[in-house]
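J.: No sequence on hand, only this structure:
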DNA sequence: ACATCATATCACCCAATGCTGATATGATAA
DNA sequence: TTATCATATCAGCATTGGGTGATATGATGT
């Protein structure tokens, strides 16, 4: 159990820090969704989705409710969607600045962010 | 270069997803800060901080300006701080729910979130 | 009870990540 | 120009992380 607030925050963000998990989180943006539905929507493998869902649950981003033989996943908090929205807006603006940059052609580091 | 919006968002969040980087980002919350200052404030190794700063730069979260022999790092966008604030509030509420939970004593998965 | 569907878990592989210590670059001041 | 300070980069290591395929669990309907 992590009580260090910085570690908890890092864990929270870690939930968002992978493309597959982001895709899964997008699936939950409107309503609770089934694992199978997520598999279909994302095209990811079933065990893969299941693992990511465990991760998201552990990160505190999602919760699950069993109904019949389905398990519905949903956000633990409406503000989870706010993160996605905030990221959308920031990314849009960064991209805009990027395109507007005249010196765009100069070499960009493709393989950075190793940590 | 990643133009897939989901990948860009994941990259953005990856910047926040490590305790060391979060600590660094906290240092920048008020004003541009020097690498050496960050090293002192966080207690992290110099090369470690430098690597994380490269990562943060690549993730689009920070930018740097050279002044004399110092390099000042700062957020690329004021909204970077909003992420931290949003995380603070969500974590506070999640923690509250956690403490209020009567079944608190039951075993919690300590080593989850492997992905 | 049995077949089936939904989900989780396991074993394994490979790539990425975080860290450290040593070294290189680059600016400044004496 | 040489010494020093600030920062970046490199090599190497141990660990984590994401992915897959196979298997296990668990609920439902017949």
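T.: Noted; the coordinates are in hand. Keep in mind that this is a model prediction, so the values were computed, not measured.

J.: CA only for contacts and neighbour counts going forward, please
T.: OK.

J.: which other helices and strands contact the helix or strand containing residue A:11?
T.: Residue A:11 belongs to helix A:5-16 when assigned by DSSP states H and E. Helix A:5-16 is packed against helix A:19-27, helix B:5-16, helix B:19-27, helix B:79-100, with contacts defined by 3 or more C-alpha pairs under 8 Å, 6 or more residues apart in numbering or on different chains; DSSP states H and E.

J.: Mind telling me which residue is nearest the centre of chain A?
T.: Geometric centre of chain A, nearest residue: residue A:22, 2.7 Å, by C-alpha atoms, centre = their mean.

J.: now that one, nearest residue through space, not along the chain?
T.: In this structure, residue A:22 finds its nearest non-sequential neighbour in residue A:16, 5.6 Å apart by C-alpha to C-alpha, 6 or more residues apart in numbering or on different chains.

J.: ok so, going back, in terms of pLDDT, where does the residue nearest to the centre of chain A sit?
T.: Listed pLDDT for residue A:22 reads 98.

J.: Would you mind confirming that it is in contact with residue B:10?
T.: Yes - Residue A:22 is within contact range of residue B:10, at 6.9 Å (criterion: C-alpha atoms under 8 Å).

J.: picking that back up, identify the residues contacting the residue nearest to residue A:22.
T.: By C-alpha atoms under 8 Å, 6 or more residues apart in numbering or on different chains, the contact list for residue A:16 reads A:22, B:10, B:13-14.

J.: Drop anything exposed from those.
T.: A:22, B:10, B:13-14 (16 or more other C-alpha atoms under 10 Å in any protein chain shown).

J.: buried sites along stretch A:11-27?
T.: Result for stretch A:11-27 [16+ other C-alpha under 10 Å]: buried residues A:11-27.

J.: Over to stretch A:70-83?
T.: A:71-75, A:80-81, A:83.

J.: Likewise for stretch A:87-95?
T.: Neighbour counts over stretch A:87-95 (16+ other C-alpha under 10 Å) mark A:87-88, A:90-91, A:94-95 as buried.
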